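Novice: Could you look at this predicted model? Sequence included:
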Amino acid sequence: MATTKPKQNKPKVLVALTSQRYIFSRTAFCLIQAAMNHPDYDFDFYMEMGCEIASARNRIVYTARERKCTHILFVDYDMYFPPTAISKLLAHDKDIIGAAYNFRKDPPQNTAVPVEEAKEDAIYKCQALGAGLLLIKTSVFDTFKGPWFMFGHNDKGELHYGEDTYFCQRAINEAGLDVWADPTLQVKHIGEQLF
């Protein structure tokens, strides 16, 4: 009697864009190229508009759960990346992993804050990481209570840290998870120049 292998379910990735008004055409083109080159994954696209990015990211988590997605790929409206970036992030099979890329300012400063000295050719653990291109397994959001993304302010009411740093710190300190950065992806921030 012949036996057949059970069908493997493809990972389902919610590609979640956050924007106040629009998405750069270069970012949209990167996403189209990436989705066309990855038959091993099911992609579900979602755009959350709003002026407050922390709230948008929290709403995205609930959307991913409703749509039964295995992963969320946060993509900011102003990111530029090669088509292989998403598959490389997925291939690492980490709970939380994203691209190491620069802020939009001079001199260049990376959004990834390594735990120890980072190498340029291998993934490394971070204390904090920008969410411009950040892949998170949806199960991570069951390990600690929401809201998962919030801004932090100092005593003067000034912004002290971003919603992505808040998420990373809670994932590390409350859930005992690692946050990883991949410096090899050639991800850029779109501005007046590429940072």
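Specialist: Ah, there it is.
Novice: Residue 88 belongs to a strand?
Specialist: No: applying DSSP: H, G, I helix; E, B strand; the rest coil, one finds residue 88 to be helix, outside a strand.
Novice: residue ranges of the strands in the chain, please?
Specialist: Per DSSP state E, the chain carries strands over the ranges 12-19, 42-49, 71-76, 79-80, 96-99, 113-114, 124-128, 133-137, 152-153, 159-161, 179-182, 188-189.
Novice: Could you dump those into TSV with mean neighbour count and distance to residue 32 added?
Specialist: Heads up, the C-betas are built off the backbone N, CA and C, glycines and all. Below are the strands of the chain laid out as TSV (neighbours: other C-beta atoms under 10 Å; distance: least, C-beta to C-beta, whole Å):
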stretch	mean neighbour count	distance to residue 32
strand 12-19	22	11
strand 42-49	15	10
strand 71-76	25	12
strand 79-80	22	13
strand 96-99	25	18
strand 113-114	16	31
strand 124-128	18	29
strand 133-137	25	15
strand 152-153	12	35
strand 159-161	12	33
strand 179-182	24	21
strand 188-189	21	17
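Novice: Compare those and say which comes out lowest on pLDDT.
Specialist: For those, mean pLDDT drops lowest on strand 159-161, to a mean of 82.
Novice: elements contacting that one?
Specialist: Other elements packing on strand 159-161 under the criterion 3 or more C-beta pairs under 8 Å, 6 or more residues apart in numbering; DSSP states H and E are strand 152-153.
Novice: thinking again about what came up before, looking at the strands of the chain, which is closest to residue 29?
Specialist: Among the strands of the chain, strand 79-80 comes nearest to residue 29, with 9.1 Å by C-beta to C-beta.
Novice: And for that closest one, what's in contact with it?
Specialist: With contact meaning C-beta atoms under 8 Å, 6 or more residues apart in numbering, strand 79-80 is reached by 24, 26-27, 30, 101, 132-133, 187-190, 194.
Novice: Thanks again, I'm all set now.
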